[in-house]
Every structure is written in structure tokens, then in C-alpha cells.
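# from the sequence below, what's the structure:
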Amino acid sequence: MNATQAVVAIVDDDAAVCRALRRLVLSLGHQATTFSNGQDLLEGLDATPPTHILLDLHMPGLHGPMLLEKIRARTTDARVVVMTGLEMAGAREASLAAGADLFIRKPLTPADLHRILGAALLD
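The predicted structure is shown next:
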């Protein structure tokens, strides 16, 4: 991995979203791993610690602010971006309070992802 390459964990229960985001991350020259739920992410955090986590807000099981708190208890270094296609009142505020760095609506565009990954790599 070079100094400007991100390691991105993509967490979404929609397999098509995971595939599309993975292809997009790879096309930008970064590494990507996918997880279909929050528990799998937590179990995989130590194997390849991500620099970024793209996290779907609404998933079965462990999700939302509860999952964010568990992520932050395990890693403070990863930039966590919460994604949602169904924004509900208070979701942005709750996500940011629980440790998200950014809250964004799906679908993510290539420009969105480039900005998210590029900005954090400059920090």
C-alpha cells in the first residue's frame, strides 16, 4: 500500500451497493473490503484496519449509532462516513454524535467518493 492509498471498508446489506462501491473505490486506486452487516465489520476490523469506513445507516441487526459507538471503541483512526438512502429526522445528528465524520445521501457519485477519500488522505 502506498502513502496515498486508502483502505476502505464498505458495509451495506445490499450486495449490489457493496459491489458498485467496491468497483468505484478500486477504480480510484484504493483497496476495498465489503461486509454485509455491522457484526461482520466488527469481526474484520483487526484483519485489515481500514482508513475509511463507508457505513450504511439502515441495516438489519447492529446498525446506526449503536454500531458507530462500537466502531469508535475499537478504532478512532478510521474516517467513518454514514450513508443512507432514507434519511430520517435526527439521523444525521445522532450519527455525528456517535462518531461519524460525515453523513451523506446515497447514491454516492464518483466525485463524492473522490472527495471523501482525497480529503481525508490530506489530513
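# ok, the most centrally placed residue in the chain - contacts?
The centroid of the chain falls nearest to residue 54 when counting by Cα atoms, centre = their mean (1.3 Å). The neighbours of residue 54, taking Cβ atoms under 8 Å, 6 or more residues apart in numbering as the test, are 8-12, 21, 81, 83, 108. Where C-beta positions appear, they are placed from N, C-alpha and C, glycine not excepted.
# what is the burial count for the closest residue to it other than its chain neighbours?
Nearest residue to residue 54, sequence neighbours excluded (Cβ to Cβ, 6 or more residues apart in numbering): residue 10, at 4.8 Å. Residue 10 has 25 neighbours, counted by other Cβ atoms under 10 Å.
# could you do residue 85 as well?
With other Cβ under 10 Å as criterion, residue 85 counts 13.
# who touches it in this structure?
58, 105-107.
# next step: these restricted to strands.
Counted as lying in strands by DSSP state E, out of the contacts of residue 85, are residue 105.
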